[in-house]
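S.K.: Curious how this folds, go ahead:
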Amino acid sequence: MSVYSARGMAVRRLACGESMRAVEALTELMDAALLRDRGLPLTRYGRMILVKSEAVRLAELAELVVLSPRCLLRQVTEIERAGLLERSRDPHDGRGVVVMLTGKGLDTLARMEKS
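M.R.: Residues are numbered from 1 along each chain as shown. This next block holds a predicted model:
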């Protein structure tokens with residue numbers, strides 16, 4: 001490997017790291033702004049948007065948000081405790097679980113989308 005290509009790789013790694021830190025910082029700012037202005041953090045809002053129009057299997061939701069089902073389950077439990085989401089058995093496959101917004105969850109999203 002030449003010195004030039006090693007240097008180029010180091011520069012690309014540095015740029016990638018800086019980009020990731022910028023994305024992280026932006027996400028934190030958006031999260032804080034949503035929580036302050038609307039009372040709902042970005043992660044909850046994002047999960048709720050994905051189940052806005054219909055019930056979604058928990059396993060499918062985990063794939064959509066690229067999380068393990070266990071990690072997503074913690075988030076779903078938090079949203080459920082806030083009364084915004086509910087879980088039930090999948091009517092097509094009793095082994096699976098579906099999540100859907102409650103009336104309060106739909107109202108919350110509608111208010112957030114208006115402002």
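
S.K.: Give the other helices and strands that the top strand by length along the chain contacts.
M.R.: The residue-count maximum for a strand in the chain (DSSP state E) belongs to strand 93-101. Contact partners of strand 93-101 among helices and strands, from 3 or more Cβ pairs under 8 Å, 6 or more residues apart in numbering; DSSP states H and E: strand 56-57, helix 58-65, strand 85-90. The C-beta positions use only the backbone N, C-alpha and C, and glycine is treated the same way.

S.K.: Can you tell me which of those is nearest to residue 24?
M.R.: helix 58-65 (16.7 Å; Cβ to Cβ).

S.K.: Can you list the buried residues in the closest one?
M.R.: Using 16 or more other Cβ atoms under 10 Å as the test for burial, helix 58-65 gives 58, 61-62.

S.K.: want to throw the residues you listed into a markdown table with distance to residue 91 and pLDDT?
M.R.: Formatted as a markdown table, the buried residues of helix 58-65 follow (distance: Cβ to Cβ, whole Å; pLDDT from 0 to 100):
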| residue | distance to residue 91 | pLDDT |
| --- | --- | --- |
| 58 | 14 | 89 |
| 61 | 17 | 90 |
| 62 | 19 | 89 |
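
S.K.: rewinding a little: out of the helices and strands packed on strand 93-101, flag the one nearest residue 8.
M.R.: Nearest to residue 8, of the helices and strands packed on strand 93-101 and by Cβ to Cβ, is helix 58-65 at 33.9 Å.

S.K.: can you list the residues that contact that closest one?
M.R.: 46-47, 50-51, 56, 68-69, 71-73, 76, 87, 96-99 (Cβ atoms under 8 Å, 6 or more residues apart in numbering).
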